[in-house]
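*Asks:* need a 3D model of the sequence below.
(2 chains)
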Amino acid sequence: DAKTTQPPSMDCAEGRAANLPCNHSTISGNEYVYWYRQIHSQGPQYIIHGLKNNETNEMASLIITEDRKSSTLILPHATLRDTAVYYCIVRVAVGDAGGTSYGKLTFGQGTILTVHP
Amino acid sequence: SAVISQKPSRDICQRGTSLTIQCQVDSQVTMMFWYRQQPGQSLTLIATANQGSEATYESGFVIDKFPISRPNLTFSTLTVSNMSPEDSSIYLCSVQSQSGNQPQHFGDGTRLSIL
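*Replies:* Numbering: from 1, shown residues only, chains lettered A, B, ... in the order given. Below you'll find the predicted structure:
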């Protein structure tokens, strides 16, 4: 699986948008970009994932560059409860008639996002 | 998404002993995984629990130290054997459903301290 590079830490003011970057310059065509976060004392929480199109759900938006070498996770209105470690992960997913096979979910060090009042 | 329950949620154990951690899912899942998170570190995959066959271990992890069972599609156990203080970590169960485009989900883990 391709590796990712994230800044070790970021700050954001409450109510503002938090934009978390991720570089994955060696990503291959069948690798998806996944974002998870881990709030203290909890297991990782799935946020969003995408292949090449931008994606949005109730938690966040994922913007993937056209060359797929980088992406940005956007939390549109950050709250204090969004303070967490955010992990960007690339993961293989291959589908065939028998279903979908998934590669391993390999965690890097992530970005510590601190949302302050 | 699947609801994952781990037992115990935390424990303090004596060195040289073994502890079995249980992972129960509220729905049938295709794949179950066990991760370790050492203090201040990221998650590391220990093994993939395979139903009806031996688990698939990652480099650096062996069956004698971390025996795993998976008797059905909703349950798995991880045993940490002959524990030492270096085994003090959070151990997390994770599941992947094959249906649709479901992401991999995680339990809240078992916090293990070895004295």
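
*Asks:* chain A contacts on chain B?
*Replies:* Selection of chain B residues close to chain A by C-beta under 8 Å from any C-beta of the partner chain yields B:1, B:4, B:31, B:33, B:42-45, B:92, B:94, B:96, B:98, B:101, B:103-109. For the C-beta atoms, the positions are set from N, CA and C on the backbone; glycine is no exception.

*Asks:* buried ones among the residues you listed?
*Replies:* Buried members of the residues of chain B next to chain A, scored by 16 or more other C-beta atoms under 10 Å in any protein chain shown, are B:4, B:31, B:33, B:42-43, B:45, B:92, B:94, B:96, B:103-109.

*Asks:* inside strands: which ones of those?
*Replies:* Of these, the ones assigned to strands by DSSP state E are B:4, B:31, B:33, B:43, B:45, B:92, B:94, B:96, B:105-106.

*Asks:* nearest to residue A:95 among those?
*Replies:* When these are compared for distance to residue A:95 (C-beta to C-beta), residue B:96 wins out at 14.0 Å.

*Asks:* ok, now which ones touch that closest one?
*Replies:* By C-beta atoms under 8 Å, 6 or more residues apart in numbering or on different chains, the residues touching residue B:96 are A:102, B:29-33, B:102-105.

*Asks:* how about a cut-off of 10 Å?
*Replies:* The neighbours of residue B:96, taking C-beta atoms under 10 Å, 6 or more residues apart in numbering or on different chains as the test, are A:100, A:102, A:105, B:2, B:29-33, B:48, B:102-105.

*Asks:* ditto for residue A:11
*Replies:* For residue A:11, the contacting residues are A:18, A:83, A:112-116, by C-beta under 10 Å, 6+ apart.

*Asks:* for these, which one is nearest chain B?
*Replies:* Checking the contacts of residue A:11 against chain B with C-beta to the nearest C-beta, the nearest one is residue A:112 at 11.3 Å.
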